[in-house]
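Trainee: Provided below for reference: sequence and predicted model.
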Amino acid sequence: MSVPRFWRRLKNIYNLIGTHCNKCGSYLYPPRNMCPKCRRNGMTTPYKFKGFGEVLTYTIVHTGAKDYTKLTPYILAIIKLDEGPQLTSQVICDHSKIRIGMKVKAAFRKLGEESEKGMIYYGTKFVPMEE
Amino acid sequence: MSVGIVSYGAYIPRYRIRVEEIAKVWGANPNSIIDGLMVYEKSVPDLDEDTITIAVEAARHAINRAGIDPQEIGALYTGSESHPYAVKPSSTVVAEAIGATPNLTVADFEFACKAGTAAIQTCMGMVDSGMIKLGMAIGADVSQGAPGDALEYTAAAGGVAYVIGKKDLVANIESTYSFTTDTPDFWRREGMPYPEHGGRFTGEPGYFKHVASAAQGLMNKMGTKPSDYDYAIFHQPNGKFPTRVAKMLGFSSEQIKPGLVVTRLGNTYSGSCMMGLAATLDIAKSGDRIFMTSFGSGAGSDSFSYTVTDRIEEIRNGAPSIEKLLADPIYINYATYARHKNKIKL
Amino acid sequence: MRDVAIIGVGCTEFGELWDKSFRELFVEAGVSAIEDANVQGGKIDALYVGNMSGGRFIEQEHLGALIADYSGLASLHIPSTRVEAACASGGLALRQGIIAVASGYHDIVIAGGAEKMTDVGVETTTDALAAASDREWEGIMGATFPGLYAMMARLHMHKYGTTQEQLAAVAVKNHHNGTMNPKAQFQSEITIDTVINSVMVADPLHVFDCSPISDGASAVVIASADIARKYTDTPIYVKASAQASGTISLHDRPDITTIDATVAAANWAYKMAKVTSKDINFAEVHDCFTIAEICAIEDLGFVKKGEGGKAAESGLTAIGGKIPINPSGGLKACGHPVGATGVKQAVEMVLQLRGEAGKRQIDGANIGLTHNVGGSGGTAVVHIFGRDK
């Protein structure tokens, strides 16, 4: 990903900052300026998610995406945050323990790097909540 | 001095490798290594962890523990000898990831294992002078030991963050004293993956001379002696050195016990002493007095004297304790460890 | 809006076609279609080319001009348009051609699709395909296409009890159909064990649950119904053409196991053709992964939601079954040169409805449906074809 494209979104991806539509009350992550329900009538403001959620579905990726080949196998999942929106992320846990419905919380991890000389991307992944 | 610790937070990766596992690969006798170093196992970062991710997690724990408003942090310094970039500070990523940007000053520190305590001293000055309200000093590392080298048994991963301020202190910092000389006992050149060290030279002319001088210097300055303290923490490259220097200075093994985390964790380099302090704060009571002396190769030592306040009980449970972070480790073998530490050149 | 018919079809083999370039493939399919339609090049009013990623695969954009030129139609200045909707590029090109003729703007057009995927390494191909997902919020987190569909599969298995064997049955059926399709990339039988024991790509999808990387092209000639019989005795009529958008990312989908764009497009198509799902004799659906066929037959209304797993396993969707699905071998066995697939599905429709499908002929084929999806469901295109208007 190019440097400006990553930089534009880094606050959102480090801190799970999305948007909240004051008109209909929807919480949106990834962030959107245009609320999909209200469109031009919506009023969106930034919102920082608490970082807690549960696993809606998951897979264990063996053939990794381009910048992720060194991380395989990794758990890719769709997480439903407590406030409502769903996002795609990775879950760091024992592969035998991942299950639908697992409660998770945000963790700060390296997402990847462009190359040995290139930029390092950081962001949010998820780990299991303690019992 | 009216400054002190407002909060603290630590992070230790979950993976561990045992000394026996490393010894097996190199054909060394594990028992003599364990006896010689007083270390059983060390922490290993996950594939997607590095000094920055560790510093962020430690910083977030420090913020959460005392419910700090990150916008009140006026300075943030990360000390490490494994910053991911040679040029581009780790501290800007940390500052962004805890929501402290944009109204603060930031820089990275390096002084081998005492970069974190140097950052604490800097924050102390800035807070005391009224320049900033709160300062954050972090010591974090994913230290590298060359394969087959003695340091491989102890070079570990972890980080600790301290928030320094004037109000709502969990511990007053009564005084600090430093002892610094140009002593090349251990170094790493730009671009080299592993450090060089002087073997036995790192002992007497390095560690012991500086730790003892700084410790003695602080006690002279304050007119205190070892028996005035409830706890003491010394830099922990292994279990032997801090035990020996404590004895040399007149501290007892009971005093250093809670802070001696290296046996189960390894040497977290810039985080080493600070980790021991965190483990001690986890169990200290109001009124307890704590003595701490760090050591950084190159070389120098920073000595501190703390008094714990009532407030420690109020905020202690706001973030995981060192014991909690050490619990439930995931043991790995040398091959997995080599993959995690990028020792296999692709 | 006037009625529209397909008067000619053409298709190359699908596979790793080292000797053929992108432009050669399209021209081969196009010429085949024109000859099948008995129409002169000069009568073509416009060209529509479906292609997902000429830029990444062959470093070439401006494909409309390239194809017009190499078809010999640039000298006649035929308008030529490249259409893109990820894996639905072909279906979308078909739809643009149909709209052009139905609206009366043009009388005879060619709609085709082509993709040349093997000139670059597998890593580049996989990354180019990932551009069909949300690069900023799915791609950056390590999402791959098999990974996204695997998450659909995992949830489908959790909610409805679908099993690995039921997923594998889709691949087995489609490979069996492929043995009867001389253009198919894979023309050999496989078993459930072959699928389940193959390398895991993204749990629970194995290599044999995934459609391959392929080169290939297809083309159809579309004419207004009132002149169709001048060119062919067996015009096949377009009874409906519908297209719907959905969320680009899987995580924003209201139900992860339903491609609601498919549901919307299918509803519009059934309404347009004045039929229901029960009236459809057979269909070519978008089986980019085995789970995709299972969800497709549910979303198209052929079976109830959650019952899709049983279909291939029980023979419901075999060529002799109640609702044959993917007689061509589908994306799985016939191959998936991305831009070509949506048009190839229409080619299969025409062959079946004319009674020219050889060993894989479906008895009594009268009304068929094609279903082409982009990405994980951001676009769905549904067409209904029939022997009668």
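Mentor: Cool, got the structure. Numbers count the residues shown, from 1 in each chain, chains lettered A, B, ... in the order given.

Trainee: for the lowest-mean-pLDDT helix or strand in chain A, buried residues please.
Mentor: Taking mean pLDDT, DSSP states H and E as the measure, the helix or strand of chain A with the lowest value is helix A:3-8, at a mean of 92. Residues of helix A:3-8 classed as buried: residue A:6 (neighbour count, 16 or more other C-beta atoms under 10 Å in any protein chain shown). C-beta here means a position set from N, CA and C on the backbone, and glycine is covered the same way.

Trainee: which helix or strand lies directly C-terminal to that helix?
Mentor: helix A:10-15 (DSSP states H and E).

Trainee: buried stuff in that next one?
Mentor: Along helix A:10-15, these residues count as buried under the neighbour rule (16+ other C-beta under 10 Å): A:11-15.

Trainee: ok, stretch C:50-57 next?
Mentor: The neighbour-count check on stretch C:50-57 (16+ other C-beta under 10 Å) flags C:50-54, C:56-57 as buried.

Trainee: tell me, what residue is most central in chain A?
Mentor: Centrality entry for chain A: nearest residue to the mean C-alpha point is residue A:89, 4.6 Å, by C-alpha atoms, centre = their mean.

Trainee: name the SS class of that residue, please.
Mentor: Counting by DSSP: H, G, I helix; E, B strand; the rest coil, the backbone at residue A:89 sits in strand.

Trainee: how confident was the prediction at it?
Mentor: Here the pLDDT value assigned to residue A:89 is 97.

Trainee: any idea what it is bridged to?
Mentor: In this entry, residue A:89 is beta-bridged to residue A:77, by DSSP bridges.

Trainee: so it versus residue A:16, what's the distance?
Mentor: Applying C-beta to C-beta, to the nearest Å, the value for residue A:89 to residue A:16 is 10 Å.

Trainee: shared neighbours of the two, anything?
Mentor: Common neighbours of residue A:89 and residue A:16, counting by C-beta atoms under 8 Å, 6 or more residues apart in numbering or on different chains, are residue A:124.

Trainee: the lowest-mean-pLDDT helix or strand in chain B: what's the following helix or strand?
Mentor: Here the helix or strand of chain B ranked lowest by mean pLDDT, DSSP H and E is strand B:196-197, holding a mean of 89. Downstream of strand B:196-197, the first helix or strand assigned by DSSP H and E is helix B:209-222.

Trainee: what residues sit buried inside that following helix?
Mentor: Neighbour-count burial for helix B:209-222 flags B:209-219 (criterion: 16+ other C-beta under 10 Å).

Trainee: how far does that helix sit from the chain's center?
Mentor: What separates the centre of helix B:209-222 from the centre of its chain is 19 Å, taken as C-alpha atoms, centre = their mean, to the nearest Å.

Trainee: which elements pack onto it?
Mentor: Using 3 or more C-beta pairs under 8 Å, 6 or more residues apart in numbering or on different chains; DSSP states H and E, the elements in contact with helix B:209-222 are strand B:171-183, helix B:240-249, strand B:289-293, strand B:298-308.

Trainee: mind checking which of these is nearest residue C:211?
Mentor: Closest to residue C:211 of the helices and strands packed on helix B:209-222 is strand B:298-308 (C-beta to C-beta; 59.2 Å).

Trainee: residues making contact with the next helix-or-strand element following the closest one?
Mentor: Downstream of strand B:298-308, the next assigned helix or strand under DSSP H and E is helix B:311-315. For helix B:311-315, contacts defined as C-beta under 8 Å, 6+ apart pick out B:7, B:65-67, B:168-171, B:281, B:284-286.

Trainee: again, only using 7 Å
Mentor: Residues outside helix B:311-315 that contact it (C-beta atoms under 7 Å, 6 or more residues apart in numbering or on different chains): B:7, B:65-66, B:168-170, B:281, B:284, B:286.

Trainee: helix, strand, or coil at the spatially most central residue of chain B?
Mentor: Closest to where the C-alpha atoms of chain B average out (C-alpha atoms, centre = their mean) is residue B:271, at 2.0 Å. State at residue B:271, reduced to three classes by three-state DSSP: helix.

Trainee: how far away is it from residue A:88?
Mentor: Distance from residue B:271 to residue A:88, by C-beta to C-beta: 33 Å.

Trainee: got the buried residues for the strand or helix carrying residue C:381?
Mentor: Counting by DSSP H and E, the element that carries residue C:381 is strand C:379-386. By neighbour count with 16+ other C-beta under 10 Å, strand C:379-386 contains the buried residues C:379-386.

Trainee: got JSON lines for the residues you listed, with distance to residue B:298 and pLDDT too?
Mentor: Below are these laid out as JSON lines (distance: C-beta to C-beta, whole Å; pLDDT from 0 to 100):
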{"residue": "C:379", "distance to residue B:298": "61", "pLDDT": "97"}
{"residue": "C:380", "distance to residue B:298": "64", "pLDDT": "98"}
{"residue": "C:381", "distance to residue B:298": "67", "pLDDT": "98"}
{"residue": "C:382", "distance to residue B:298": "71", "pLDDT": "98"}
{"residue": "C:383", "distance to residue B:298": "74", "pLDDT": "98"}
{"residue": "C:384", "distance to residue B:298": "78", "pLDDT": "98"}
{"residue": "C:385", "distance to residue B:298": "79", "pLDDT": "98"}
{"residue": "C:386", "distance to residue B:298": "84", "pLDDT": "97"}
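
Trainee: for the stretch 1-150 of chain B, which residues are neighbours of chain A?
Mentor: Selection of the stretch 1-150 of chain B residues close to chain A by C-beta under 7 Å from any C-beta of the partner chain yields B:46-50, B:52-53, B:56-57, B:84, B:93, B:96-97, B:99.

Trainee: go again with 6 Å.
Mentor: For the stretch 1-150 of chain B, the residues in contact with chain A (C-beta under 6 Å from any C-beta of the partner chain) are B:47-48, B:50, B:53, B:56-57, B:84, B:96-97.

Trainee: now the stretch 101-250 of chain C
Mentor: C:127, C:137-138, C:141-144, C:147, C:150-151, C:154-155, C:158, C:200-203.

Trainee: returning to that earlier point: including distance to residue B:181, could the buried residues of strand C:379-386 go into a markdown table?
Mentor: Shown next, in a markdown table, are the buried residues of strand C:379-386 (distance: C-beta to C-beta, whole Å):
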| residue | distance to residue B:181 |
| --- | --- |
| C:379 | 69 |
| C:380 | 73 |
| C:381 | 76 |
| C:382 | 79 |
| C:383 | 82 |
| C:384 | 86 |
| C:385 | 88 |
| C:386 | 92 |
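
Trainee: out of the residues of the stretch 101-250 of chain C next to chain A, which sit inside strands?
Mentor: Taking DSSP state E as the definition of strands, these contribute C:200-202.
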